[in-house]
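In: Coordinates only, no sequence provided:
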C-alpha cells in the first residue's frame, strides 16, 4: 500500500478518536465551578445567621399605657380580694385571737395600694413599672405563704375553703405579675447556648 495513504488514514482515525474524547481539563473546570458556587452559599448562610441574631437582639418596646392599665387592675384587684377575704373570715368568727387573719391582708393591701400601685400605673417611667411589678410579685408570695399557714393550722375558727380561694388568687397574682415582667421585657431571662450543628450542610 501507499505509505502516504496509510499515514492519511491514521491521521483521520486519530482525529475522530479525539472528537469523541472529553478533555481532562473539563473535570477541573467543573470542580472549580462547584467550589465557586459553594463559597457564595456558605457566605449567604453566615449572613442569614447574622441577620437572625440581629433581629433577635432587637427588643420590641412595650406599650406602657397598656402595661400600666393591666398591671394596675391586677394590683388593686389583689389588694381588694385579700382584704375582703380577711374581713369575711374575721366576721365569720370574730375574736381577739382570730384578728390575726387581718394582719397579713392589711399589710399586703397597704403595700399594694400605697407603694406598688402608683408605680405600676406610672406610664412615663418604665423603671418604676418594673419595680412596682417586682414588689407586687413579692406581696403575692407573702400572701400565698400566709394562706398556706392557715390551711396547715390544725384549728381555724373560720372555714378553710375561703383561705384556699385566697391561695388560688395569690398564685394567680404571682404568675400574672411575673409574666408581665418577662413578656414586657422588664426582666430578661438567660438564654440557652446554641447547640452545635452535627449534620453537615450540603450545597447543591
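Out: Received it, and whenever you're ready, just let me know what you need. None of the values given here were measured: they were computed from a predicted structure. Numbers count the residues shown, from 1 in each chain.

In: Distance check, residue 163 against residue 106.
Out: Relative to residue 106, residue 163 is positioned 16 Å away (criterion: Cβ to Cβ, to the nearest Å). The way it works is simple: take the backbone N, C-alpha and C, and place the C-beta from them, glycine included.

In: cool, and residue 97?
Out: Using Cβ to Cβ, one gets 16 Å for the distance from residue 97 to residue 106.

In: Comparing the two, which shows the higher neighbour count?
Out: In this comparison of residue 97 against residue 106, neighbours counted by other Cβ atoms under 10 Å, the higher total goes to residue 106 at 14 against 8.

In: Retrieve the pLDDT associated with the more buried one.
Out: Per-residue pLDDT puts residue 106 at 95.

In: Give the buried residues for whichever strand or helix holds residue 161.
Out: Taking DSSP states H and E as the definition, one finds residue 161 inside helix 160-183. Using 16 or more other Cβ atoms under 10 Å as the burial criterion, the residues of helix 160-183 that qualify are 162-163, 166-167, 169-170, 173-174, 176-178, 180-181.

In: by how many degrees do the host helix or strand of residue 67 and helix 160-183 diverge?
Out: Residue 67 is part of helix 64-92 when elements are defined by DSSP H and E. Our comparison of helix 64-92 with helix 160-183, counting by axes from the mean of the first three to the mean of the last three Cα atoms, to 10 degrees, yields an angle of 170 degrees.

In: Pull out the buried positions in helix 64-92.
Out: Residues 64, 67-68, 71-72, 74-76, 78-79, 81-83, 85-86, 89-90 are the ones in helix 64-92 that count as buried (16+ other Cβ under 10 Å).

In: give me the low-pLDDT residue ranges for this structure?
Out: Applying pLDDT under 70 to the chain flags residues 1-62, 189-204.

In: the helices in it, which residues?
Out: Secondary structure of the chain by DSSP state H: the helices cover 3-19, 25-57, 64-92, 102-110, 117-120, 126-152, 160-183.

In: From residue 160, how far off is residue 154?
Out: With Cβ to Cβ as the criterion, residue 154 and residue 160 are 11 Å apart.

In: thinking again about what came up before, quick one: work out the angle between the helix holding residue 67 and helix 102-110.
Out: With the same axes, to 10 degrees as the criterion, the two stretches helix 64-92 and helix 102-110 enclose an angle of 160 degrees.

In: could you say what helices and strands helix 64-92 packs with?
Out: In this structure, helix 64-92 packs against helix 102-110, helix 117-120, helix 126-152, helix 160-183, with contacts taken as 3 or more Cβ pairs under 8 Å, 6 or more residues apart in numbering; DSSP states H and E.

In: Please report the distance of residue 156 from residue 115.
Out: From residue 156 across to residue 115, the span is 30 Å (Cβ to Cβ).

In: Ignore what I typed, I meant residue 152.
Out: Computed with Cβ to Cβ, the distance linking residue 152 and residue 115 is 29 Å.
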